[in-house]
Every structure is written in C-alpha cells, then in structure tokens.
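K.L.:
let's see this in three dimensions:
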Amino acid sequence: MCPTGSSLRQATAVRSEFRPAFEVLDADRDGKISREDLRSFCAGFPCGVAGDDEVIGTMISVADTNKDGFVEYDEFERVLGGGGGGGGGGGVMEDVFKVMDRDGDGKLGLEDLKSCMSWAGFSATEEDIKAMIRLGGGDETRGVTYDGLLKILAVDFD
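P.N.:
Residues are numbered from 1 along each chain as shown. You can find the predicted model right below:
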C-alpha cells in the first residue's frame, strides 16, 4: 500500500463504477444476482432468453468464481472490469447488452433504452435517454454501443 493511500482510493473507485448495473440486475435487492434475478431481468425483453435455463445458467457460471450459484458484486465487477472470471469478452454484461438490443443491430437505440429503463423502474424522459446515449458516445439516430453502455453505467450521480 502506498503511504499516500492513493492505491486504496483508486481501487475503491474502480470497485464502485459498476454498482448501478449490478443493482439493476439484482432484482430482489439481496446483494447477489441469482438465476431468478437474471430470468426476471430478461423477461422484460422479447428475445426468449428468460425461459432458457441453459443460457441463464451459463451467464451465472461465467461470473460465479466461488461456485455458490450466485454472482456477488466483486465477481460481477471482475467480469465487467476484465479482471478474470469468465475468460475475456464482456461475460454477463455483454449477454445483458444482447438482450437489451432488441433489434440485434449491435447498438442500443432510444427505444431499447426506453424499454429497459421502464422495466427497471426508472423514470426517464426521452431527453434523459438521449443524454445517456450522448454520454455513452453515441447519437440519437444510431444509438450506443456496448462500450458506450459501460460508460453510461459507470457514471456515479451521487
């Protein structure tokens, strides 16, 4: 540990950047993502993943490094932050992006994000969602990429 404590502050900032995304997926707010949480999240999208136990199980196993059947925040952060867990890619979050991307074009447009925000119980105006897209490096007509979504979710408004 650095005498200035800078490494501690940096580690804390990195650990908290994915908290909003974790909280959206943790439907029952018990501090861990279960198969039921993922099923509930995916049920809000018309792609059929919610009823596919094999896909849901795979999403959990990619991140569940302690093999307790749940994804705790540190496991979730490790997968999203690229620190292991599932062997590259974006793991669980990349799968979530694909579920949110209802038309399969590789970007989340205004309607995709509107639907997601509504499902998650967040009230957001169309202007709020357009601002989110711009924050993620996208534009109103083309939407935001996976990396852009990670930028949006990393913003801490507190």
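
K.L.:
following the helix or strand of the chain with the lowest mean pLDDT, which helix or strand comes up?
P.N.:
When the helices and strands of the chain are scored by mean pLDDT, DSSP states H and E, helix 6-16 comes last with a mean of 43. Using DSSP states H and E, the next helix or strand after helix 6-16 towards the C-terminus is helix 19-25.

K.L.:
how distant is that next one from the center of its chain?
P.N.:
Relative to its chain's centre, helix 19-25 lies at 6 Å (Cα atoms, centre = their mean, to the nearest Å).

K.L.:
show me where this protein has strands.
P.N.:
Using DSSP state E, the strands of the chain run over 32-33, 71-72.

K.L.:
so what strands line up beside the first one?
P.N.:
Note on strand 32-33: by DSSP bridges, its sheet partners are strand 71-72 (antiparallel).

K.L.:
state the mean pLDDT of the partner strand.
P.N.:
Strand 71-72 shows a mean pLDDT of 94.

K.L.:
which residues does it contact?
P.N.:
With Cβ atoms under 8 Å, 6 or more residues apart in numbering as the test, strand 71-72 has contacts from 31-33, 60, 63-64, 66, 79, 92. (Each C-beta comes from the backbone N, C-alpha and C, glycine too.)

K.L.:
gap between residue 38 and residue 101?
P.N.:
According to Cβ to Cβ, to the nearest Å, residue 38 and residue 101 sit 16 Å apart.

K.L.:
kindly report the same for residue 151.
P.N.:
Remark: distance between residue 151 and residue 101 (Cβ to Cβ) = 16 Å.

K.L.:
tell me which of those two has more neighbours.
P.N.:
More crowded of residue 151 and residue 101, by other Cβ atoms under 10 Å: residue 101, with 21 against 16.

K.L.:
burial count for residue 115?
P.N.:
By other Cβ under 10 Å, the residues close to residue 115 number 17.
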